[in-house]
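Chemist: here is a sequence with its predicted model. Questions after.
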Amino acid sequence: MKQGLFEIIENTQLTDTVWRMRLRGDTSAVTGPGQFVNIQLDGLFLRRPISVCDCEGDVLTIVYKVVGKGTRQMSEMTHGTLDVLTGLGNGYTLADAGEAPLLLGGGVGVPPLYMLAKQLIAQGCKVSVVLGFNTKAEVFYEEEFRALGAAVTVTTADGSYGVKGFVTDALPEDYSYFYTCGPEPMLKAVYAASATEGQFSFEERMGCGFGACMGCSCKTVTGYKRICKEGPVLRKEEILWER
């Protein structure tokens with residue numbers, strides 16, 4: 001974990017509620033996909049945890065949804081600096097991917113899969129991505145994944161774009177492993193429908209973001225784990241849904 005000041009170099013609206021922010025600073029603590037950062041905002045006591053979408057050189061990209069006072073404040077920032085804790089959480093492990101991994105993202109669970117897809121493709125994997133949204137107006141990052149070379153399928157719950165239904169309605173017949181991130185009902189559905197082992201990234205309310213307060217603990221087959229420290233990524237075989 002490392003604390004530092006990051007300069008805001010971009011803050012672009014992608015949909016009615018989703019924004020992309022690019023920050024320049026010391027990214028040395030970001031070691032892989034699936035980690036998150038914790039951002040201090042003026043006037044707010046708790047930092048805001050946001051997943052890392054991408055990291056290139058000294059530029060960190062986050063994609064966030066405006067859901068409350070903190071993220072609304074972030075969406076209105078066009079310049080300045082932010083106090084950011086980086087290198088938080090236990091991210092995805094690429095070694096298990098096999099030749100044809102499948103990535104499944106729902107809503108704001110999509111961003112951390114972008115850096116994962118980029119790294120998997122760089123190591124020679126044939127990556128398939130299924131992105132799930134409620135409606136066409138909420139779709140984002142489809143073309144960014146295509147530009148990486150991934151095979152992309154989009155699902156919408158109302159059928160207004162792509163495949164009608166949920167990510168589990170667009171599972172390919174054959175894949176070597178899977179990685180997923182999204183709301184818990186989606187993760188449960190993926191758990192039940194998946195044909196291989198895989199890794200799940202969980203969203204949880206956090207206090208400190210680095211394991212001190214124990215506020216985001218969940219029960220696993222090997223005991224309690226902190227989503228902010230031992231997670232947010234957990235393996236399929238260790239998950240208990242009675243959380």
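Modeler: That came through, no problem.

Chemist: so how far is residue 70 from the residue of the chain most remote from its centre?
Modeler: Of all residues in the chain, the one whose C-alpha sits farthest from the chain's mean C-alpha position, using C-alpha atoms, centre = their mean, is residue 43 at 26.2 Å. When distances are taken as C-beta to C-beta, to the nearest Å, residue 43 and residue 70 turn out to be 9 Å apart. For every residue, glycine as well, the C-beta is placed using N, CA and C.

Chemist: kindly report the same for residue 237.
Modeler: From residue 237 to residue 70 the distance is 35 Å (C-beta to C-beta).

Chemist: what of residue 16?
Modeler: As judged by C-beta to C-beta, residue 16 and residue 70 stand 18 Å apart.

Chemist: more neighbours, these two?
Modeler: Neighbours around residue 16 and residue 70, counted as other C-beta atoms under 10 Å, are more numerous at residue 70. The numbers are 19 against 9.

Chemist: list the contacts of the residue nearest to residue 88 when sequence neighbours are not counted.
Modeler: Across the structure, with C-beta to C-beta, 6 or more residues apart in numbering as the measure, the residue nearest residue 88 apart from its sequence neighbours is residue 36 (5.2 Å). Residue 36 is in contact with 49-52, 88-89, 112, 209, 232, counting by C-beta atoms under 8 Å, 6 or more residues apart in numbering.

Chemist: rerun that using 7 Å as the cut-off
Modeler: Contacts of residue 36 were listed using C-beta atoms under 7 Å, 6 or more residues apart in numbering, and they are 49-52, 88-89, 232.

Chemist: and stretch 118-138, how far apart are its ends?
Modeler: Between the opening and closing residues of stretch 118-138 lies a distance of 22 Å (C-alpha to C-alpha, to the nearest Å).

Chemist: what's the answer for stretch 178-190, then?
Modeler: End-to-end distance for stretch 178-190: 10 Å, by C-alpha to C-alpha.

Chemist: what does the average pLDDT come to for that stretch?
Modeler: Rounded to a whole number, the mean pLDDT of stretch 178-190 is 95.

Chemist: what about the helices in this protein?
Modeler: For the chain, the helices defined by DSSP state H occupy 69-75, 111-122, 142-148, 184-193.

Chemist: elements contacting the second one?
Modeler: The reference is to helix 111-122. Using 3 or more C-beta pairs under 7 Å, 6 or more residues apart in numbering; DSSP states H and E as the contact criterion, the elements in contact with helix 111-122 are strand 48-56, strand 101-106, helix 142-148, strand 177-181.

Chemist: mean neighbour count, those: which tops it?
Modeler: For those, average neighbour numbers computed from mean count of other C-beta atoms under 10 Å are highest in strand 101-106, which has a mean of 28.

Chemist: who does it pair with, and is each partner parallel or antiparallel?
Modeler: Its sheet considered, strand 101-106 pairs with strand 128-133 (parallel), strand 177-181 (parallel) by DSSP bridges.

Chemist: and it, how far out from the chain middle?
Modeler: Relative to the chain's own centre, strand 101-106 is displaced by 10 Å; criterion: C-alpha atoms, centre = their mean, to the nearest Å.

Chemist: so that strand versus helix 111-122, what angle?
Modeler: For the pair strand 101-106 and helix 111-122, the angle between their directions (axes from the mean of the first three to the mean of the last three C-alpha atoms, to 10 degrees) equals 170 degrees.

Chemist: and the angle from strand 101-106 to helix 184-193?
Modeler: Here strand 101-106 runs at 150 degrees with respect to helix 184-193, directions being taken by the same axes, to 10 degrees.
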